[in-house]
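Visitor: Requesting a structural model of the entry that follows:
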Amino acid sequence: MTQLNTRVQAATTLAQPDPYRPRLTVTALADIRRFEQTPLSDRRLPDSTYELLRLARDRAPEAPALHYFTSGDELARSVTITHAQMFGRITQTANLLHSLGLGPDDVIGVLMPVTPESQYAIWGSEATGIACPVNWMLEPEIIAALLRNAGAKAVIAYGPDPDIEAWNKAMLVRRELHDVKHWIKAGGGKASEEGIFDLDASVDRFDDEALDSGRVFSPQDTASMFHTGGTTGTPKLALHTHGNEVSMAWVSAMQIDVQPEDVRVCGVPMFHVTGVLTNCLMPLARGASVVLLTSSGWRDPSVIRNLWQIVDHFGVTALGMVPSVVNMALNIPIGDADISSLKAASCGTAPLSVAVAEAFEQKTGAMIFEGYGLTEGTALSATNPRYGQRRIGSIGLPMAYQEMKVVKVAAGHIQRECEPGEPGIVVVRGPNVFSGYLNPEQNKSIWFEGGWFNTGDLGYVDEDGYFWLTGRAKDLIIRGGNNIDPRMIEEALYRHPEVFDAAAVGLPDAHAGELPVAYIALKPGSTFPLGRIKHYAYEVIPERAAVPKQFYLVDAIPKTAVGKIQKNTLRSDAVLRAQRQMLAEVNADTPVPLVDIRIEDRGDQGILSTLVLPATLSNEDREIAVATIGKAFSTLTIKYAVVYE
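Guide: Here you go, the predicted model:
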């Protein structure tokens, strides 16, 4: 049985009438108080995700677990799967895998979209061995590298399906992966390839109540491998134990106050910890239900245009979104849809504009809660309190039983904890935090003394304990929830014979949070057209989301004295370009008499933009100019100031 780490604040602290601490409902408090009042040796949770889901099944077997529809235009054709049916299918899937000779140490690759079959495949794989969800939208060579590095012995893939590439990609890499002994089709149409095991056609002959393996779980057993970062040729695979995932689901559900009658949505891909763990495992473990937003999730246009009808049809109580989805939702008329069931929405992956959050809450009546998590922290480490005070733009307070702080680092060691408002590196530890990457070489320099994990994120804590992020030391570009490693873009561009130097950074974007942009310096004397480089990039960059939105041709990429690219300079330039474009879009109606824009990269404290206006402006003209700037930058999370000179 899993014993939670009790180094952090106890639930009794959470229950105190402090506006800056999360407050829980009577039901959740009763559960946590019972937990806290038991002897330390008896503070136990299930040892595995399989047992966690069994408990949910036992509480209400006929309650809905999954709702699924193939098109937002045809909600009447949706299907509902109960907790008993889902758990039975998970058990049958595990027993099928066991019959193929797979055991606790074997890795099962999972290439699944947002469908019910994804839940059977992932949790059935964890009940048998180690699940390795893979981004099926990547190019085949990267998928092959991920499965090879993971040591996969079997692969479960969705399809064939004309809209989902998972099956075709799996078949393309099949010939390269000789160590994969079993290829299993789940969902979709009939496969024509020989030697393929059809899960749907075979699973009914297996027991749906108990594991044929008789497996006895330990919370230290590895449950899954999730790939992190932007998927380069040698991606990192983060190992999660059953204890990590069980404690994450239990603690976050209690703190966020997930009730059995809740209906939550999942539109995040089934290779991302947010989709698998936060959107699915957490509510399912509490007996709630999850609406799977078609196989394409939030990328499906029929989902976006029918969002409010979906809320109405299923009685959705909580939406899990990223900033780009929040922005799109603001442009969808509610019409005659009844969205009174909607109580809350969560938003992560990038800071949310205050103006956007307020507009969403005014439109829907539902509050938005921002949070923070990472693959290495099993999806969730902090959130704004469900019933306490929210601070838009902040990632909130640490989850119960999690520790989180901001520190100053020197020579690879923590020097001291930062004072309130003082920027530094965000570090975490607790029962959610993984034990390391699969490749031991990648575990160097990720830990500080005391078991603190270096997130690589920059931020500060305010006087009331709320955390605020100001940047990322890892230079990742986060586009609508997709983590993009700039090296993947740069390495692809470097291969072009006319490119001398290249660098990629994130450009602030109102909808996606960030968009990748590329700075390119051609070889001396080259007059190669930029348009052809753009076409080349689209052909060679293996992930579509990573293809730069803009390409900037420069004479030279700025470097430090030791030859490192000055990405802070490029990020500042990207912000300048974005802000000038935003102002240009509103200047046609009310021109801003702009003298200059000064961009200052303040390191740990983020970027500050200072807009210089003429000192001779009248008070009335100043008010008009400031209002116009506010309108132009309403969805921008970069801090800015206005001065008159």
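Visitor: domain parsing for the chain?
Guide: 11-455, 477-557, 580-644 (automatic domain parsing).
Visitor: so which of those domains comes closest to residue 568?
Guide: domain 580-644 (4.3 Å; Cβ to Cβ). From N, CA and C alone the C-beta is placed, and that goes for glycine too.
Visitor: Quick one: distance of that closest one to the chain centre.
Guide: Distance, stretch centre to chain centre, for domain 580-644: 32 Å (Cα atoms, centre = their mean, to the nearest Å).
Visitor: Stretch 545-559 too?
Guide: For stretch 545-559, the distance to the chain centre is 26 Å (Cα atoms, centre = their mean).
Visitor: May I have it as PDB, with CA atoms only?
Guide: C-alpha atoms of stretch 545-559 as PDB (Å, rounded to 0.1, in the frame of the first residue of the first chain):
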ATOM      1  CA  ALA A 545       3.500  22.100 -34.300                       C
ATOM      2  CA  ALA A 546       7.200  22.900 -34.300                       C
ATOM      3  CA  VAL A 547       7.300  24.300 -37.900                       C
ATOM      4  CA  PRO A 548       8.100  28.100 -37.300                       C
ATOM      5  CA  LYS A 549       5.200  30.500 -37.800                       C
ATOM      6  CA  GLN A 550       7.600  33.200 -38.900                       C
ATOM      7  CA  PHE A 551      11.100  33.300 -40.300                       C
ATOM      8  CA  TYR A 552      13.300  36.300 -39.800                       C
ATOM      9  CA  LEU A 553      16.400  36.700 -42.000                       C
ATOM     10  CA  VAL A 554      19.200  38.400 -40.100                       C
ATOM     11  CA  ASP A 555      22.800  39.200 -40.900                       C
ATOM     12  CA  ALA A 556      24.100  37.300 -37.900                       C
ATOM     13  CA  ILE A 557      22.700  35.400 -34.900                       C
ATOM     14  CA  PRO A 558      23.700  37.200 -31.700                       C
ATOM     15  CA  LYS A 559      26.200  35.200 -29.600                       C
END
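Visitor: Mind listing what's buried along that stretch?
Guide: Residues of stretch 545-559 classed as buried by neighbour count (16 or more other Cβ atoms under 10 Å): 545-548, 551-552, 557.
Visitor: Can you give me the neighbour number for residue 181?
Guide: Per other Cβ atoms under 10 Å, the neighbour tally for residue 181 reads 14.
Visitor: any idea how far residue 227 is from it?
Guide: The spacing between residue 181 and residue 227, counted by Cβ to Cβ, to the nearest Å, is 22 Å.
Visitor: any chance of the buried residues of stretch 545-559 in JSON lines, plus pLDDT, secondary structure and distance to residue 594?
Guide: Below are those laid out as JSON lines (pLDDT from 0 to 100; DSSP: H, G, I helix; E, B strand; the rest coil; distance: Cβ to Cβ, whole Å):
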{"residue": "545", "pLDDT": "87", "secondary structure": "helix", "distance to residue 594": "33"}
{"residue": "546", "pLDDT": "90", "secondary structure": "helix", "distance to residue 594": "33"}
{"residue": "547", "pLDDT": "93", "secondary structure": "coil", "distance to residue 594": "31"}
{"residue": "548", "pLDDT": "94", "secondary structure": "coil", "distance to residue 594": "27"}
{"residue": "551", "pLDDT": "94", "secondary structure": "strand", "distance to residue 594": "25"}
{"residue": "552", "pLDDT": "93", "secondary structure": "strand", "distance to residue 594": "21"}
{"residue": "557", "pLDDT": "89", "secondary structure": "coil", "distance to residue 594": "28"}
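Visitor: Thank you kindly, that will do.
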